[in-house]
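1. predicted model, plus sequence, below.
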Amino acid sequence: MDDLIQRAAKDLADSKKAVALTGAGISVESGIPPFRGKGGVWEKIDPEMADIDMFMRDPAKVWQVLIKEMKHIIDQAKPNDGHIGLARLEKMGILRTVITQNVDGLHQSAGNQDVIEFHGNFAWHYCLICNKRIENSRIDLSVIPPKCDCGGIYRPECVFFGEMIPHHHLLRSKQLSAQCDLMLVVGTSAVVQPAAYMPVIAKQNGAKIIEINMEKTQLTGNISDYLIQGKAGEIINKIVAEVERLNELR
């Protein structure tokens, strides 16, 4: 693995416009469960609770069953070494943007300034009447569903099932993927579209694809140039430390 760490560090140090695509695997180390798969949210909660029609029909039920649970999880979560490492790469001027499928806001908490959230987030909510925004930590659960001072119901800024991914997020993600010279794919199974297509766009336009995952994915040996297998935080920490060492030698 050390050889791959050094290879990734050199590729990043040589990069002029790198982009990261992140999924649930980077946030599980912060205590955020994935939605799909073993131990995922949908094992405990009916996915229908994340449907926009269900929310509009019975917001109190969706708040009680799903959103309240997500609020507790996100209130307790802190960025891990994976998030912090990507923020350090951005500060060095290597990483341009993080495109994430996650809804926890941890990239921003770690210090990343340019984050495209494909599926929105649960870290912020807004009022359905006046559009006032409020941080997740400031939501009062003494009344369910929680309401704004104007009387409107708050909803998370996530993309519910039945809602479209914001067009400007999709368009910008495609543009950045086509323009980048390196893409870090971190903690994603690369099966959920359209996010899973971003590494394909990058590869087709000549970018190097570095995959950091616990397991092989459909990108491995096909789209990605190489896979570094293991925990995102541990691997990114080592890569960033090596990038910093290389920069000191230059």
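-> Here it is on my side, so go on.
2. can you list the domains in the chain?
-> Domain segmentation of the chain under automatic domain parsing yields 1-31+79-119+166-250, 33-76+123-157.
3. buried sites along the one helix or strand Gly85 maps to?
-> Using DSSP states H and E, Gly85 falls within helix 81-91. Neighbour counts over helix 81-91 (16 or more other CB atoms under 10 Å) mark 81-90 as buried. For glycine as for every other residue, the C-beta is placed from the backbone atoms N, C-alpha and C.
4. before we move on, back to that, just the domains of the chain: most buried one?
-> Most buried of these, by mean neighbour count (mean count of other CB atoms under 10 Å): domain 1-31+79-119+166-250, with a mean of 19.
5. any idea how far that one is from the middle of the chain?
-> 10 Å (CA atoms, centre = their mean, to the nearest Å).
6. any idea of the mean pLDDT in that domain?
-> In this model, domain 1-31+79-119+166-250 carries a mean pLDDT of 94.
7. quick one on the thing from earlier: got CSV for the buried residues of helix 81-91, with distance to Val243 too?
-> What follows is those, written out as CSV (distance: CB to CB, whole Å):
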residue, distance to Val243
Asp81, 14
Gly82, 15
His83, 16
Ile84, 14
Gly85, 9
Leu86, 12
Ala87, 13
Arg88, 8
Leu89, 7
Glu90, 12
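8. go through these and name the one nearest Asp58.
-> Minimum distance to Asp58 across those is 34.2 Å, recorded for His83 (CB to CB).
9. and the residue nearest to that closest one when sequence neighbours are not counted, what does it touch?
-> Spatial nearest neighbour of His83, excluding adjacent residues (CB to CB, 6 or more residues apart in numbering): Ala110 at 3.7 Å. Listed by CB atoms under 8 Å, 6 or more residues apart in numbering, the contact set of Ala110 reads 79, 83-84, 86-87.
10. distance of Ala110 from Ile84?
-> Taking CB to CB, to the nearest Å as the measure, Ala110 falls 5 Å from Ile84.
11. show me where this structure has helices.
-> 2-14, 24-27, 41-44, 52-57, 59-62, 68-76, 81-91, 106-110, 167-179, 198-204, 232-249 (DSSP state H).
12. can you give me the angle the last one makes with helix 81-91?
-> Angular relation of helix 232-249 and helix 81-91 on a 0 to 180 degree scale: 30 degrees, by axes from the mean of the first three to the mean of the last three CA atoms, to 10 degrees.
13. pull the residues that contact helix 232-249.
-> With contacts defined as CB under 8 Å, 6+ apart, helix 232-249 is touched by 5-6, 8-10, 12-13, 25-26, 29, 80-82, 85-86, 88-89, 92, 94, 186-187, 212, 228.
14. can you check stretch 172-182 too?
-> The contact list for stretch 172-182, computed with CB under 8 Å, 6+ apart, reads 11-12, 15-19, 96-97, 99, 116, 118, 183, 194-195, 198-199, 201-202, 204-210.
15. let's see it at 10 Å
-> Residues from elsewhere that reach stretch 172-182, judged by CB atoms under 10 Å, 6 or more residues apart in numbering: 8, 11-12, 14-21, 94-97, 99, 114, 116, 118, 165-166, 183, 194-195, 197-210, 225.
16. just the C-alpha atoms of that stretch, please, in PDB.
-> Backbone C-alpha positions of stretch 172-182 (Å, rounded to 0.1, in the frame of the first residue of the first chain) are rendered in PDB as follows:
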ATOM      1  CA  ARG A 172     -21.300  22.200 -12.900                       C
ATOM      2  CA  SER A 173     -20.300  18.700 -11.800                       C
ATOM      3  CA  LYS A 174     -20.200  17.600 -15.400                       C
ATOM      4  CA  GLN A 175     -18.100  20.600 -16.400                       C
ATOM      5  CA  LEU A 176     -15.700  20.100 -13.600                       C
ATOM      6  CA  SER A 177     -15.400  16.400 -14.300                       C
ATOM      7  CA  ALA A 178     -14.600  17.100 -17.900                       C
ATOM      8  CA  GLN A 179     -12.000  19.800 -17.000                       C
ATOM      9  CA  CYS A 180     -10.200  18.100 -14.100                       C
ATOM     10  CA  ASP A 181      -6.800  16.400 -14.600                       C
ATOM     11  CA  LEU A 182      -7.300  14.100 -11.600                       C
END
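17. cheers, nothing more for now.
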